[in-house]
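Chemist: the following comprises the amino acid sequence and a computationally predicted model.
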Amino acid sequence: MKSLRMHAIAAAAVLLTLPALAQVSDYHDIKTTPLHQIQQPQPKRVQLANGMVIFLMEDHELPLIGGGARIRGGGRDVPADKSGLAGLLGSAWRTGGTESNQLALLLAREAHHGAHGGVRLVHGANAHHSLHRAAWLLGLPDPVVVPAPAGTMDPAALDEALTKLCGPLIVAATAGTTDAGLIDPLPEIADLCATHGARLHIDAAYGGGLLFSDRHRHKLDGLQRADTITLDLHKLGWQPVAAGLLAVKNPDDLAVLQHHADYLNADDDTEAGLPDLLGRSLRTTRRPDILKIAVTLKTLGREGLGALVDQVCARAAEFADLIATHPGFELYDRPTISTVLFRPTEATDDAVAAVRRTLLHQGRAVLGRATLDGRRWLKATLPTPTPGPTTWPPS
């Protein structure tokens, strides 16, 4: 068996060939609008009865989702049905996927308020840990975990679980797993939820960005049938944190968040047109996180973001090709999004973990780790269209 040092050198050699892939980047195809050329919305001047003058923005919320929803960007509007968000009529900005998942379970609990025993969460063994923690935090019954033998939820096992369970249920599917970026069979899961009368939540924090891509959007077929969807543009949206979003099909579900505090949303202020965002978040003081997303959508548009998504997925596929053709490595599977799992051939699980730490300590690469099919894998997630410089000095 090869020594740990040889494993690390071989892994670094393959990883360091990746920057050359940046040479095929098609950034020149992305049409952007210089910031100084963007037409900014003009504030409306309003004089109050006491003589005070205030200025209101006519468009104080980013209309990602709404009645006749449109995603704005690149100098034009994109109908929601082109983005895969048709039918989702409400939204609430969150700090990220964890908070969005928590809010989704809260809305489900309140939608079944008074039900004996509370709503029961059913999720795959591949689900993000935040779902289980959110159920505990909200006082819900212990979640029912459905097997995910191939890394995605097993529809037959889900059907069996839903048949046996009683009371209100919420099924949480995943579009972009943490370990391998896999996508649950969303159409089949949506069918089962409809058959059994279960609410459907889809955690698309990672994979939701595929909506921007004409080439990859089909991987999210069935997403529009969810009652709630977690998105996180911190991932395939290239936004600094926080950039989470919970999309809601029924805007009335958000009514449970309404709260009155006279210093924040007095009735006369609301009637006068001042925005009331207290019912859109469990947090009060927060940063204007929507601004950076609005600027990105306005500058790049859906087509520009879609081109970046296409590039990232292409780089991941090319990296997987490098792994598959290298005799010193084993590839787990072709990437679904932008995550590639691999491991040195003939290495033990302990050696794989040690290789990862060695690469980190030597400053060569920052890799994740995942355990699938009972084996440990190195995880390379390609988050940006330009993975590094086009040349690399010899190690």
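Modeler: Nice, I can see it.

Chemist: quick one, domains of this protein?
Modeler: Using automatic domain parsing, the domain parsing of the chain gives 4-29+301-381, 55-300.

Chemist: tell me where the stretch 101-250 of the chain has helices.
Modeler: 129-137, 155-164, 186-196 (DSSP state H, counting those that start in this stretch).

Chemist: need these in CSV with distance to residue 249, can you?
Modeler: C-betas here are computed from N, CA, C, even on glycine. Output for the helices of the stretch 101-250 of the chain, formatted as CSV (distance: least, CB to CB, whole Å):
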stretch, distance to residue 249
helix 129-137, 19
helix 155-164, 20
helix 186-196, 12
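
Chemist: which of those sits closest to residue 373?
Modeler: helix 155-164 (17.0 Å; CB to CB).

Chemist: which strands and helices sit next to the closest one?
Modeler: For helix 155-164, the packing partners by 3 or more CB pairs under 8 Å, 6 or more residues apart in numbering; DSSP states H and E come out as strand 120-124, strand 144-146, strand 169-174, helix 186-196.

Chemist: returning to that earlier point: got the domains of the chain as TSV, with mean neighbour count columns?
Modeler: Below are the domains of the chain laid out as TSV (neighbours: other CB atoms under 10 Å):
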stretch	mean neighbour count
domain 4-29+301-381	18
domain 55-300	19
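
Chemist: now the helix or strand containing residue 292: how far from the chain's centre is it?
Modeler: According to DSSP states H and E, residue 292 maps onto helix 290-325. Chain-centre distance of helix 290-325: 13 Å, with CA atoms, centre = their mean, to the nearest Å.

Chemist: thinking again about what came up before, closest one to residue 96 among the helices and strands packed on helix 155-164?
Modeler: strand 169-174 (15.4 Å).

Chemist: from the chain's centroid, how far away is that closest one?
Modeler: Worked out by CA atoms, centre = their mean, strand 169-174 lies 15 Å from the chain centre.

Chemist: that strand - what's its average pLDDT?
Modeler: What strand 169-174 shows for mean pLDDT is 98.

Chemist: packing partners of it?
Modeler: Counting by 3+ CB pairs under 8 Å, 6+ apart, strand 169-174 packs on helix 97-111, strand 120-124, helix 155-164, helix 186-196, strand 199-204.

Chemist: by mean pLDDT, show me the worst of those.
Modeler: The minimum mean pLDDT among the helices and strands packed on strand 169-174 belongs to helix 97-111 (a mean of 91).

Chemist: residues in contact with that one: which ones?
Modeler: By CB atoms under 8 Å, 6 or more residues apart in numbering, the surrounding residues in contact with helix 97-111 are 92, 94, 118-119, 121, 128, 130-131, 133-135, 137-138, 140, 168, 170, 172, 199, 201, 203, 205-206, 227-228, 230-232, 244-246, 248, 253-254, 256, 282.

Chemist: now the angle from it to helix 129-137?
Modeler: 40 degrees (axes from the mean of the first three to the mean of the last three CA atoms, to 10 degrees).

Chemist: looking at the helices and strands packed on helix 155-164, which is closest to residue 366?
Modeler: Per CB to CB, nearest to residue 366 of the helices and strands packed on helix 155-164: strand 169-174, 23.8 Å.

Chemist: which outside residues touch the closest one?
Modeler: 101, 104-105, 108, 119-124, 126-128, 131, 152-153, 158, 162, 182-184, 186, 189, 192-193, 196-204, 226.

Chemist: can you tell me the distance between the two ends of stretch 226-240?
Modeler: End-to-end distance of stretch 226-240 (CA to CA, to the nearest Å): 27 Å.

Chemist: off-centre distance for the helix or strand where residue 264 lies?
Modeler: Per DSSP H and E, residue 264 falls inside helix 262-265. Offset of helix 262-265 from its chain centre (CA atoms, centre = their mean): 33 Å.

Chemist: can you list contacts of it?
Modeler: With CB under 8 Å, 6+ apart, helix 262-265 has contacts from 274, 276, 278, 284.

Chemist: now do the contacts for the last one.
Modeler: So the one you mean is residue 284. Residue 284 touches 264, 278, counting by CB under 8 Å, 6+ apart.

Chemist: what distance do you get for it to residue 265?
Modeler: Using CB to CB, to the nearest Å, residue 284 is found at 11 Å from residue 265.

Chemist: again with the third one
Modeler: Going from residue 278 to residue 265 by CB to CB gives 5 Å.

Chemist: so which of the helices and strands packed on helix 155-164 gets nearest residue 378?
Modeler: Using CB to CB as the measure, strand 169-174 is the one of the helices and strands packed on helix 155-164 that comes nearest residue 378, at 21.4 Å.

Chemist: tell me the strands beside the closest one, with direction?
Modeler: As defined by DSSP bridges, the strand partners of strand 169-174 come to strand 120-124 (parallel), strand 199-204 (parallel).

Chemist: and these as a markdown table, adding distance to residue 220?
Modeler: Shown next, in a markdown table, are the strands paired with strand 169-174 (distance: least, CB to CB, whole Å):
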| stretch | distance to residue 220 |
| --- | --- |
| strand 120-124 | 17 |
| strand 199-204 | 7 |
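
Chemist: so which of those strands gets nearest residue 112?
Modeler: That would be, of those and by CB to CB, strand 199-204, which comes in at 8.2 Å.

Chemist: re earlier: now render the helices and strands packed on strand 169-174 as CSV, adding distance to residue 329.
Modeler: Shown next, in CSV, are the helices and strands packed on strand 169-174 (distance: least, CB to CB, whole Å):
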stretch, distance to residue 329
helix 97-111, 30
strand 120-124, 28
helix 155-164, 32
helix 186-196, 31
strand 199-204, 30
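
Chemist: closest to residue 337 out of the helices and strands packed on helix 155-164?
Modeler: Nearest to residue 337 among the helices and strands packed on helix 155-164 is strand 169-174; the distance by CB to CB comes to 11.8 Å.

Chemist: fine by me, thanks again.
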